[in-house]
Structures are given as structure tokens and as C-alpha cells.
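Peer 1: mind folding the following:
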Amino acid sequence: MRKLNSILPILISIPLLVGCWDRIEINDLAFVIASGVDMKGIDKYNVSVQVALPSAMGGSGSSGGGGGTSGGPFYVDAEPGRNIRESNDNLQLRLSRNLYFAHRRVLIIGEKQAREGINEAINVVLTQPQSRLSTFLLISKGEAINILKTKTKLDLLPGEALREMSKSNIGMTVKDAMQDMNRYGKEAVIPVVEKGKGGFKMASYAIMHHDKVAFFTNKKESSGVLWLRNKMNEKSITFSDAKKQEITLRIIESRVKQKFSMVNGKPLFTFKVIATGTLMENEGNLDLARPYIYSRVVKRFQEEVKSEIMSLIKHSHSEGIDVGGLGWYLYKSKNNLWDERFKKNWEENLHNLDIKVVVDGEILRMTNTGWNY
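Peer 2: Residues are numbered from 1 along each chain as shown. Alright, predicted model coming up:
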């Protein structure tokens, strides 16, 4: 009996020592770097994936920058389906390796699909165990699959280039978009990617109304997005002085604060913008060391910032879109007032709100005055 008691623990532990029964070899996985979702006909999706090809990275057959063996170190394929899961399953039937989404960096939604709604596309990220909510979210001009097929000059994998560009933009992730779309009095703003010289271009934003794209911003409105999102640092702003000569500043510090007040029974929202820039281009060779010239240039700087912010707000409010998150600010700071007075008809009354933008601008490092001749 004593002998049996000593052997029994060893026998019980044997099944637990088998550690490789569910192993998956790396060679059996297709690592998805980026994926896209497009509309295919009526009530159908076309899901595309960009898969890394490690064997094509480097070596004698590689030409770098998205070139390389067999046309590049990545592979793009797509399949349609009645939903996104079915599209992935249909694609898997033609692949020798299992699609693996844990390393996906970017999710791109095609323009046509985005105008119909993005809930289904991003909901898969939430329900799929492998996917990450930190995946960057983009809207493409045209079809998403065309973006995935675009080669870049500086990066071997287009998905990696898109990730880096997303990080230096407003950094909108799937998690951020989900939160914004489900908050009272706030809408999501998603970067727009399009094909450009040598790769991609991100110069505009998709302003969402619930889960649908309402409009794409123009250049001025895009700058307004950066100001309101506190993402203007290390970006540039160019404006004309009184003599129509251009001045360019590099923004080194920017902050936006919201304030709410009631004036004569009407709500007034104030955006207080603090902006500090350094002089980068001085086409008119202005001597900013002179107080009256400095004041004149700073005034023009402040007017330009105000114009960029107001152009975005006016356009958005005219379509019932709270791009600045004013309702969300009320919901958090004055919840009773929000519930009793504003919540019910917030979108319908946006165009009647009084908006004030106050800019406190400053220019540092003014030594770049140009060559006076």
C-alpha cells in the first residue's frame, strides 16, 4: 500500500507533462499585417488581407521597399461573403496556412462601405479573440484592397508604413472609434488614406455621423481636426501677413480647453486655444523683434487658427454632427443640465449653438528673419 501511494502521484502527473499536444508551428501561420473591408454588391462584404512573407524579406532576391522576391515580401488576397466571418472562412479555404490576426496593425474600411456603416467591420475586432483593440483604424478613398496592394519606397511592408503614419496622425484605434461612437454628444473622426506618390497620403479625415461617414474634410477643416484633438504639435501652419507674403510656424505646444456658460438664457461654448510656434519661414523678411510687427504677425496667426477651427465646426454643426464633443463635455461636467435640457434634441439644435474660439498665440525663436538685401 505504501508503495502504491508513492507511485500514484507520479502516474497522475504524467498526462500533465505532455506540453506539446496543442502546439502550432510558426510555419503553419499566415501573419496578417493589415486587412481591409469593402462592400461587394448588396449586403455582401469583400474582406482583404495583407500577409507577410518572411522568406521574401532580404536576401539576394529582394530589392527592398516593397519590391523583392515574387513582387514583394507580402501577399494580398480577398474573398467575398455575406458577413465578415464568412469572407475570412472563404479565404481560408484557399490558403495552406491558418490566418493569424494577432499581429494585425491596421484595419482599413473602404469608402463605399464606410458610407453605409462601419459597425459590422469593427465589431469583428471586438469578438475575435486574436484581434487587438489597439489596431489602427483608417478609411480609404476608393476600395481598401487597392491600398493594401500599394507598394511603398521606404518600408518593406505597406501595413507597417500605414501603422507609422497612423501613429504620427491622430492615432485613431478601433477602441477609440468604438468609444466615440457610443458616447453622448460626440462623434468619431477617422483618418482617410489614399494612394499618393511613392506610397500613401493621409491629408483628410472622415467625419462620422454615428457609424456612417458624413463627409471628408478639406485642407482647412483637417487642420481644425488637429487643433481640436490636441494633435497639432510638431505640425506647421502657414498664413499671409498684411503684404500677402507667407509665414510658416512650427507648432511646439498646443492645448485646447472647453468652457460652457449661459448668456441671456442661451448656451455659449468657448474653445480656449493656447498655441506656441517657432518661426520656420519668413518670406517677407519681417523683423519680429519690433513689437508692432510681432503683434501684427501674432494677430494673423491667431486669426488663422480660429478660422481653421470654426470652418470645421460650422460644417459639422450644419449636418448635426458634434465634432468637438460639446455634448460629451456637458454630459460629464453638467449631467443634470444635459439630461433635462439638451439630450433630447441635441443634434437638431447644434446649428443654433453660439460658439466662441479664443486663441492665445505666441511665437518663440524669431531669429529666422531671412536675408535682407
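Peer 1: for the protein, what's the longest helix?
Peer 2: When the chain is parsed with DSSP state H, its longest helix is helix 291-318.
Peer 1: list the buried ones in that helix?
Peer 2: Residues 293-294, 297-298, 300-302, 304-306, 308-313, 315-317 are the ones in helix 291-318 that count as buried (16 or more other C-beta atoms under 10 Å). Yep, even glycine has a C-beta here, placed from its N, CA and C like the rest.
Peer 1: then stretch 78-90?
Peer 2: Across stretch 78-90, burial judged by 16+ other C-beta under 10 Å covers 78-81, 84, 87-88.
Peer 1: S134 contacts T173, doesn't it?
Peer 2: Yes. Here S134 reaches T173: they are 5.3 Å apart, a contact under C-beta atoms under 8 Å.
Peer 1: neighbour count: the two, which is higher?
Peer 2: Neighbours were counted for S134 and for T173 using other C-beta atoms under 10 Å; T173 has more, 17 against 12.
Peer 1: beta partners for that one?
Peer 2: F136 (DSSP bridges).
Peer 1: measure it to A206 for me?
Peer 2: Separation of T173 from A206 (C-beta to C-beta, to the nearest Å): 15 Å.
Peer 1: picking up where we left off before, beyond the longest helix of the chain, next helix or strand please.
Peer 2: Moving toward the C-terminus from helix 291-318, the next helix or strand (DSSP states H and E) is helix 326-333.
Peer 1: after that following helix, which helix or strand is next?
Peer 2: helix 335-337.
Peer 1: may I see the buried residues of the first helix or strand past that next one going along the chain?
Peer 2: Moving toward the C-terminus from helix 335-337, the next helix or strand (DSSP H and E) is helix 346-349. For helix 346-349, a neighbour-count test (16+ other C-beta under 10 Å) marks 346-347 as buried.
Peer 1: quick one: average confidence on the following helix or strand past helix 346-349?
Peer 2: Using DSSP H and E, the helix or strand that follows helix 346-349 in sequence is strand 354-364. Throughout strand 354-364, pLDDT has a mean value of 94.
Peer 1: quick check: angle from strand 354-364 to helix 291-318?
Peer 2: If you take axes from the mean of the first three to the mean of the last three C-alpha atoms, to 10 degrees, strand 354-364 sits at 140 degrees to helix 291-318.
Peer 1: okay, domains of this protein per the record?
Peer 2: For the chain, automatic domain parsing gives the domain ranges 26-216, 219-373.
Peer 1: ends of the first one, how far apart?
Peer 2: Start and end residues of domain 26-216 are separated by 41 Å (C-alpha to C-alpha, to the nearest Å).
Peer 1: quick one: it to chain centroid distance?
Peer 2: 12 Å (C-alpha atoms, centre = their mean, to the nearest Å).
Peer 1: swap in the shortest one?
Peer 2: Computed by C-alpha atoms, centre = their mean, the chain-centroid distance of domain 219-373 equals 20 Å.
Peer 1: all good on my end, thank you.
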